[in-house]
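Asks: Pasting the sequence and the predicted coordinates here, then a few questions.
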Amino acid sequence: MQVGVIGGGFTGLACASILAQRGIDVFLYEKNPKLGGLAAGFQEMTWASTLEAYYHHWFRSDKHVLKFAKLWDAESGLVFKRPSTVIQTDEHDFVQLDSALSLLRFPELGLISRIRMGACLAFLKMYRNWQRLEGKTAEEWCLKYMGEDGYRKIWQPLLVGKFGERFSSEVNMAWLWSRLKCRTAELGTYQGGFDNYVKKAEDYLIRNGVRVIRDTQKIHVDRTRAGWTVAAEGHGIQEHDALVIAASPRAFSGLAGAHAPEYARTLSGHPSLGVQVIILALNQKLGSHYWYSLKRNALQPFLAAIEHTNFVSAEEYDGETLVYFAKYVQTGTEEWRQTDGQLVDLALQCCRLIRPDFSSDCLIRSKVFREEYAQPIMGVNASRFVPTVHINGASRLFHASMGHVYPWDRGTNYALELGERVARQVIKSLPAKSAVRAPKG
């Protein structure tokens, strides 16, 4: 049996790995010249490490990252540290807020509000029944249990930073629970950059017979009586017994929407945000912290500044200070159409929030990256509307995107979990003899 997997991000890599492990022939198609999806990186001539185009880190609790690192023989490159996180406040500039102790010392809240907040966070850490939470918005739940002061000073700025004024009050509490439940203060990265982790995955796939086809800018999917065909320009036509599209809803609709029109219509009704990420290379540090949560407003549009070289040593990047600025934006709006130059200027202005004496003369270079599908919006009772993975009415056609990881938030750990879940469903859909071969190494 032969399976096609379209999409070489972490979901596609995990799916192809599990299928290959079971002895199934796999073709993995990726539109870009390299694998990794949104976690792929780039490298300047003088750098020793690659840098991800979109900011990435893991959490110590990300069990699927550890599981696939073991499968791919990539464990030795995992690195975990505890960098500091600060939040912008109204009266005290940036204040550390990344532990129970820092919450107890948080100067913007009174003692009773801090104790109330701590009790709520402890409850959410222990609570498991997220389905009971999704019937309320995060705003409603936080106001009721954490109080007006705690919500306005901490959670509302974070929600507005992530979703903007338009969607911040619509996101359900299960989404916020998922961010608090499993995340840790200890963060992870990979020696030499995430590209090295991806390279380990690619090596594993090739050793196990997966045919990796990159740079498939023009690809056509068609249905046959027995399964599916994939025609990738320059790579011929391949027949597959099952097909997995590990890509955004828009990509799915463009590739296979004609074969699953009802499913494609369902996808189009799910709101999401795009992301714009600006990377500045500077010849001086901004500060001493890794993550700066920012108060988003009309003059300051970013949710965070991430000083990467306070997490990974600047020595890996020829002594340069590397800072990400990120904002989630509705596509098609005037804000989405801002030029690279406009975005870089905004980022340079924002640097002065962190370092008032900052000068734009410190800029060495900049890069701007955009992705149209970056953050699904999960409203009240979102589980009723999460799309299926195995598409009804389209035999052995599967779709996997960030919209399928709910209630968990976007991230490589849950992309890996989703890829494994899809692979299991593919195996279950195949004739029994083809799905029970002895695992490969």
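Replies: Arrived safely, thanks for sending.

Asks: For Ile219, grab phi and psi.
Replies: When read as degrees, to the nearest 10, the backbone of Ile219 gives phi -140, psi 140.

Asks: Once you drop chain neighbours, what's closest to it?
Replies: Nearest non-adjacent residue to Ile219, counting by Cβ to Cβ, 6 or more residues apart in numbering: Ala232, 4.9 Å away. To be clear about C-beta, it is placed using only N, CA and C from the backbone, and glycine gets the same treatment.

Asks: got it, and Tyr204?
Replies: Trp72 (4.5 Å).

Asks: Touching, that neighbour and Asp203? I think so.
Replies: Yes - the criterion here is Cβ atoms under 8 Å, and Trp72 meets it with Asp203 at 7.4 Å.

Asks: Among the two, which residue is more densely surrounded?
Replies: Between Trp72 and Asp203, counted using other Cβ atoms under 10 Å, Trp72 has the larger neighbour count: 21 against 13.

Asks: Show me which strand runs longest in the protein.
Replies: As assigned by DSSP state E, the longest strand anywhere in the chain is strand 363-376.

Asks: strands paired with that one, and their directions?
Replies: strand 272-282 (antiparallel) (DSSP bridges).

Asks: what mean pLDDT does the longest helix along the chain have?
Replies: Longest helix in the chain by number of residues (criterion: DSSP state H): helix 412-429. The average of the pLDDT scores along helix 412-429 is 97.

Asks: so how far is it off the chain centroid?
Replies: 16 Å (Cα atoms, centre = their mean, to the nearest Å).

Asks: could you pull out the strands for the stretch 1-150 of the chain?
Replies: Taking DSSP state E, counting those that start in this stretch as the test, the strands found in the stretch 1-150 of the chain are 2-6, 25-29, 41-42, 51-52, 58-59, 78-81, 85-88, 94-96.

Asks: quick one, which of these is packed in tightest?
Replies: Each of the strands of the stretch 1-150 of the chain was scored by mean neighbour count; the highest is strand 2-6, a mean of 27, by mean count of other Cβ atoms under 10 Å.

Asks: Give the other helices and strands that that one contacts.
Replies: Packing partners of strand 2-6 (3 or more Cβ pairs under 8 Å, 6 or more residues apart in numbering; DSSP states H and E): helix 10-21, strand 25-29, strand 228-232, strand 237-240, strand 242-245.

Asks: in its sheet, what does the second one sit against?
Replies: Spelled out, it's strand 25-29. strand 2-6 (parallel), strand 211-213 (parallel).

Asks: Can you give the contact residues for it?
Replies: Residues from elsewhere that reach strand 25-29 (Cβ atoms under 8 Å, 6 or more residues apart in numbering): 1-8, 12-13, 16, 19-20, 35, 205, 209-213, 216, 219, 230, 232, 238, 240.

Asks: Narrow those to those that are buried.
Replies: Neighbour-count burial (16 or more other Cβ atoms under 10 Å) is assigned, among the contacts of strand 25-29, to 1-8, 12-13, 16, 19-20, 35, 205, 210-213, 216, 219, 230, 232, 238, 240.

Asks: quick one: contacts for the residue lying closest to Ala39 once chain neighbours are set aside?
Replies: With Cβ to Cβ, 6+ apart as the criterion, Ala39 has its nearest non-adjacent residue at 4.8 Å, and that residue is Phe194. Listed by Cβ under 8 Å, 6+ apart, the contact set of Phe194 reads Gly36, Ala39, Ala40, Gly41, Thr50, Glu52, His56, Thr412.

Asks: swap in Asn172?
Replies: Applying Cβ under 8 Å, 6+ apart, we find Asn172 in contact with Leu133, Glu134, Gly135, Lys136, Thr137, Ala138, Met378, Gly379, Val380, Asn381, Ala382.

Asks: Need phi/psi at it.
Replies: phi -80, psi 160.

Asks: and the gap between the nearest residue to it once chain neighbours are set aside and Cys142?
Replies: Closest residue to Asn172 in three dimensions, ignoring its sequence neighbours and counting by Cβ to Cβ, 6+ apart: Glu134, at 4.6 Å. The gap separating Glu134 from Cys142 is 14 Å, by Cβ to Cβ, to the nearest Å.

Asks: With Ile219 instead?
Replies: On the measure of Cβ to Cβ, Ile219 and Cys142 end up 44 Å apart.

Asks: what comes up buried for the least confident helix or strand in the chain by mean pLDDT?
Replies: Least confident helix or strand of the chain, by mean pLDDT, DSSP states H and E, is helix 100-104 with a mean of 85. Buried residues in helix 100-104, counting neighbours by 16+ other Cβ under 10 Å, are found at Ser102, Leu103.

Asks: and it, how far from the chain's centre?
Replies: 27 Å.

Asks: contacts for that helix?
Replies: Where contact means Cβ under 8 Å, 6+ apart, the residues beyond helix 100-104 that reach it are Val95, Gln96, Leu97, Arg114, Met117, Gly118, Leu121.

Asks: got the CA positions of it in CSV?
Replies: C-alpha atoms of helix 100-104 as CSV (Å, rounded to 0.1, in the frame of the first residue of the first chain):
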residue,chain,number,x,y,z
ALA,A,100,4.1,31.6,41.5
LEU,A,101,6.7,33.6,43.4
SER,A,102,6.7,36.4,40.8
LEU,A,103,2.9,36.5,40.9
LEU,A,104,2.9,37.0,44.7
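
Asks: Many thanks, we can stop here.
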